[in-house]
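Trainee: Sequence first, then the predicted structure, then my questions.
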Amino acid sequence: MHEGAPDPELYDFSPYRGRKPLVWPGDKKVAVWVSPNLEYYEIDPPANPHRKSWAKPHPDVVGYAHRDHANRVGHWRMAEVMSKHGFPGSVSLSVALCQHHPEVVADGAARGWEFFSHGIYNTRYSYGMDEVQERAIIEDSIRTVREATGQTIRGWLAPALTHTPRTLDLIAEYGMDYTCDLYHDDQPMPVRTASGDLISMPYSLEVNDHYGFFIYNMSPREYARTLIRQYERLADEAENQGGAGGTVMCIPLHSYLIGQPHRIGAFEEVLRHIAADGRAWITRAGDIADAYRGQIA
Amino acid sequence: MSLAPDYLEYAKRRLGYDHDLYPYETLPKRAPIAWPNGKTVAAWIVVSLEWFPILPSDTPFRAPGHMQTAYPDYRHYTAREYGTRVGFYRLLDAFAKAGVSVSVAANSAIAERYPSIIRDVVAAGHEIIAHSTDMNGTIASGLPIAEERALIAQSLDTLEAVAGTRPRGWHSIARSQSFNTVPLLKEAGVDYCVDWANDEAPWAFSNGLINVPLNHELSDRQILNVQQQSVDSYAEQILDAHDWLTKEAEAQGGGRLLPLHLTPYIIGLPYRMDAFEALLAELAARPATWFARGDQIVDCLGGPS
């Protein structure tokens, strides 16, 4: 980015109208990827001077136990319904989960899921890191995921969405393909970096389960209807003659939210709907990056 | 700009949790829990019975539902009292009609101020669990340990004096604990707490205290007040949860917990009660349901170690 400039100059302007149409494998219309956030929140993390972690003095029992539900219960529910309907995960991973609860990481790997880094812990923020420190968490992420799964991470979602001005340059330099931190489009786009060849992979805040339930206060069934509307609209637009072609829909999840007993049934109906529609390319972030790169080269 | 070097040190990065309070276990790998009579979903109702002094305390924090306006906040003081005088009796009648026994998490101030309520609860076969002293009795790290120990003892002793039996369960205000709470509850002879909402089954802390997770996501406060959804949506969500847990227990084995955390001044309003009574009737009609008090759930586990 251009540090200190009013426009961070992350990408060129490119309107939705008049683009070279993207084409997805099998002439599918919308690439649907599900992104479970497999996270570890520390019970007593050190303070970052730029952002408070827990709302309450430690232990914040409600916050900690709520996240803990993911690794004890929610993950298994969410993963089962995804597998049942043929949806692989592209995991936003707190890489320290590989040490704390390797069962969860191994379960995702066994299901054929892709892993990218979401930092070391979701309670350690990048704000205020110098370059050496930021390189350390990137190198730790690459090493830890490789040791746990054999995979080399291809993407990055900043821990708790905390960045520095050099994050995107560094992950590109380390050979990563995509960032999930930019929300300016419904298609992948090139990102301007100092070195390397980075693309923005459409993730989502707006249809993230956290936003659905705690920003927009949706009921479980309202959230499910929202996901179906999002899907239908993106599929319809991709069918428009003269339009931008293939679109991307990400469903970012946290299993302590979507894996709650009052929510998971309604969510399963969303997966059933998308899988039955026929227009969805149900895939992983890395596969979308490959298909996109093949068309812009 | 850089962060202190220890910000990138991870002393607790190890197998299992970053604390020793309780061990890690997962739902699919856990030894199945059997509820009585082959039931699979324990529907556990907890009613919070609270007294809010009109002079709120912010030490260590102000309780949810507490006074909000400049003094004197008649609006919130009396609206909370409405729950205790009127809403709670609607709930008692609804439980009697549905044949349900529940856990009542009472501030000890209720026993001091309105002992007849406690006697009515006990006479109806419900369980009293301790819910601190009054709504100024919040707990968080920073509360001196001697004060926390005294608060727990005062709550238990006062409730015991009126109820005739010592509460076996503990519910902290806002589920907020300090690092001292789990050892102090054990020391006070409490069998179980309800504050750690991380599971759909009860489990034991390393010191033997049981935790019966009282899911805040399924509480009337969360769904009706915080998320501002309708009582019809609330009932639908509880039944959706019941459907899922029933199906999951059938497929995987082992009982599941469906906690309903109720607040008399929230669910006990006239325009919400019909829907709530219909929900109770529907839950009672389902073959999987075991309406259970917290003490009955704990006793199913063989009691605290």
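Mentor: Now that the structure is in, tell me what you want to look at.

Trainee: can you give me the strands for the chain?
Mentor: Just going to use chain A. A:30-38, A:90-93, A:114-117, A:155-156, A:178-179, A:189-191, A:198-200, A:247-254, A:280-283 (DSSP state E).

Trainee: oops, I was thinking of chain B
Mentor: Secondary structure of chain B (DSSP E): strands at B:41-49, B:103-106, B:127-130, B:169-170, B:192-193, B:203-204, B:210-211, B:256-262, B:289-292.

Trainee: Mean pLDDT added to the strands of chain A, as JSON lines?
Mentor: Putting these into JSON lines (pLDDT from 0 to 100) gives the following:
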{"stretch": "strand A:30-38", "mean pLDDT": "98"}
{"stretch": "strand A:90-93", "mean pLDDT": "98"}
{"stretch": "strand A:114-117", "mean pLDDT": "98"}
{"stretch": "strand A:155-156", "mean pLDDT": "98"}
{"stretch": "strand A:178-179", "mean pLDDT": "98"}
{"stretch": "strand A:189-191", "mean pLDDT": "97"}
{"stretch": "strand A:198-200", "mean pLDDT": "98"}
{"stretch": "strand A:247-254", "mean pLDDT": "98"}
{"stretch": "strand A:280-283", "mean pLDDT": "98"}
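
Trainee: in the sheet, who's paired with the residue sitting nearest the centre point of chain A?
Mentor: Geometric centre of chain A, nearest residue: A:S35, 4.8 Å, by C-alpha atoms, centre = their mean. On the basis of DSSP bridges, A:S35 is bridged to A:P252.

Trainee: hmm, back to that, in a markdown table: the strands of chain A, plus distance to B:S57.
Mentor: For glycine as for every other residue, the C-beta is placed from the backbone atoms N, C-alpha and C. Listed next are the strands of chain A as a markdown table, based on distance: least, C-beta to C-beta, whole Å:
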| stretch | distance to B:S57 |
| --- | --- |
| strand A:30-38 | 37 |
| strand A:90-93 | 40 |
| strand A:114-117 | 43 |
| strand A:155-156 | 45 |
| strand A:178-179 | 46 |
| strand A:189-191 | 51 |
| strand A:198-200 | 49 |
| strand A:247-254 | 34 |
| strand A:280-283 | 54 |
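
Trainee: Can you tell me, leaving aside adjacent residues, what's nearest to the residue in the stretch 1-150 of chain A positioned nearest to chain B?
Mentor: Chain B sits closest to A:D130 of the stretch 1-150 of chain A, with a gap of 3.5 Å, by C-beta to the nearest C-beta. Leaving aside its chain neighbours, A:D130 sits nearest to B:S2 (3.5 Å; criterion: C-beta to C-beta, 6 or more residues apart in numbering or on different chains).

Trainee: hmm, back to that, would you mind finding the most buried of the strands of chain A?
Mentor: Sort the strands of chain A by mean neighbour count, taking mean count of other C-beta atoms under 10 Å in any protein chain shown, and strand A:90-93 sits at the top with a mean of 29.

Trainee: And that strand, what does it pack against?
Mentor: Packing partners of strand A:90-93 (3 or more C-beta pairs under 8 Å, 6 or more residues apart in numbering or on different chains; DSSP states H and E): strand A:30-38, strand A:114-117.

Trainee: May I see those strands arranged in JSON lines, with distance to B:R13 as well?
Mentor: Output for these, formatted as JSON lines (distance: least, C-beta to C-beta, whole Å):
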{"stretch": "strand A:30-38", "distance to B:R13": "16"}
{"stretch": "strand A:114-117", "distance to B:R13": "15"}
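
Trainee: quick one, helices of chain B?
Mentor: If DSSP state H is used as the criterion, the helices of chain B fall at B:74-82, B:88-98, B:108-113, B:115-123, B:145-163, B:181-187, B:220, B:231-252, B:264-267, B:270-285, B:294-300.
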